[in-house]
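1. quick one: sequence plus predicted model below, questions after.
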Amino acid sequence: MQAKKQSIKNRLYSLLQKGYSRFLKIRGHPHEIGLGLALGLFVAMTPTMGFQMAIAICIATFFKWNKVAAGIGVWVTNPVTAPIIYPICYYIGSRIYSVPKSQTVGAGLNVKLFYTLIVKAPELFIALTIGGVIIGLPLAVAGYYFAYSATRRYQDDIKLKLAKRKEKKAIKAQKKRKKKKRKNKRKRGVTATKTP
């Protein structure tokens, strides 16, 4: 049992590490990538599940932010995390918007319950939206700074490695040229001594 848990943890860690590595390799300026991720995280907190990807990519396209990062940010809300995120958003939004106590779902679903949910849908949607905005703004700011610093550091490291590689190639080429010059001088010296 313990080995199975450890195996799952290792796989999850490996998956997260691979995802982070791929995120760093997104092409674009770190500022655009950061803005794209921030937008995706903000949209992920809104009660628009099912349309979030389209919304985030359209807005990112309009503002010329990174669309891939926006798409990645949206996936914070998915079928696994939505049952955790949306109740928190609703709770915060209902405290601010002061939604009256919601209808509880009893043992059986009936027509009256569905009617009540449809009538209260605008209030529920407004509470979810307010809570989503309140949670989404700080999450977006944190996401921007995380993405900006991580991608900037990664891109700077790549530039440094490329510069070192270029420098090594230049040194090798310079050594080759010097070696070739010495060879040519020797050949000229040999031919000069042979002619009387």
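-> Good, I have the coordinates. Model, not experiment: these values are computed from the prediction.
2. and the top helix by length along the chain, what does it pack onto?
-> Longest helix in the chain, counting residues (DSSP state H): helix 111-194. Under the contact definition 3 or more CB pairs under 8 Å, 6 or more residues apart in numbering; DSSP states H and E, helix 111-194 sits against helix 2-24, helix 30-44, helix 82-97. (Each C-beta comes from the backbone N, C-alpha and C, glycine too.)
3. deepest-packed of those helices, please.
-> Counting by mean count of other CB atoms under 10 Å, helix 30-44 has the highest mean neighbour count of these, with a mean of 26.
4. show the average pLDDT along stretch 158-175.
-> Mean pLDDT, computed over stretch 158-175, is 86.
5. now do stretch 186-196
-> 59.
6. how about stretch 128-138?
-> pLDDT averaged over stretch 128-138 gives 94.
7. so which residues make contact with it?
-> Applying CB atoms under 8 Å, 6 or more residues apart in numbering, the external contacts of stretch 128-138 come out as 41-47, 85-86, 88-94, 96-97.
8. the same query, at a cut-off of 10 Å, please.
-> Residues outside stretch 128-138 that contact it (CB atoms under 10 Å, 6 or more residues apart in numbering): 38-39, 41-48, 76-77, 85-97, 99, 139-140, 143.
9. mind listing what's buried along it?
-> Within stretch 128-138, the residues that qualify as buried are 128-136, counting by 16 or more other CB atoms under 10 Å.
10. tabulate the residues you listed in TSV, adding columns for distance to Val68.
-> Output for the buried residues of stretch 128-138, formatted as TSV (distance: CB to CB, whole Å):
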residue	distance to Val68
Leu128	27
Thr129	26
Ile130	29
Gly131	28
Gly132	23
Val133	24
Ile134	27
Ile135	23
Gly136	20
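11. pick the one among those residues closest to Gly28.
-> Gly136 (22.3 Å; CB to CB).
12. mind checking how far that closest one is from Tyr90?
-> 14 Å (CB to CB, to the nearest Å).
13. so what secondary structure elements neighbour the host helix or strand of Ala69?
-> Taking DSSP states H and E as the criterion, Ala69 maps to helix 67-74. Packing partners of helix 67-74 (3 or more CB pairs under 10 Å, 6 or more residues apart in numbering; DSSP states H and E): helix 2-24, helix 30-44, helix 52-63, helix 111-194.
14. could you redo the last one with a cut-off of 8 Å?
-> helix 30-44, helix 52-63.
15. give me every residue that touches Pro30.
-> 147-149, 151-152, 155.
16. where does this protein have low pLDDT?
-> 1, 99-110, 113-114, 117, 187-196 (pLDDT under 70).
17. distance to Lys181 for the helices and strands packed on helix 67-74 - can I get that in TSV?
-> Converted to TSV, the helices and strands packed on helix 67-74 look like this (distance: least, CB to CB, whole Å):
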stretch	distance to Lys181
helix 30-44	44
helix 52-63	55
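18. and those helices: which comes nearest Gln2?
-> helix 30-44 (34.4 Å).
19. the closest one versus helix 67-74: what angle between them?
-> 40 degrees (axes from the mean of the first three to the mean of the last three CA atoms, to 10 degrees).
20. next one: helix 30-44 to chain centre, how far?
-> Put simply, helix 30-44 sits 7 Å off its chain's centre (CA atoms, centre = their mean, to the nearest Å).
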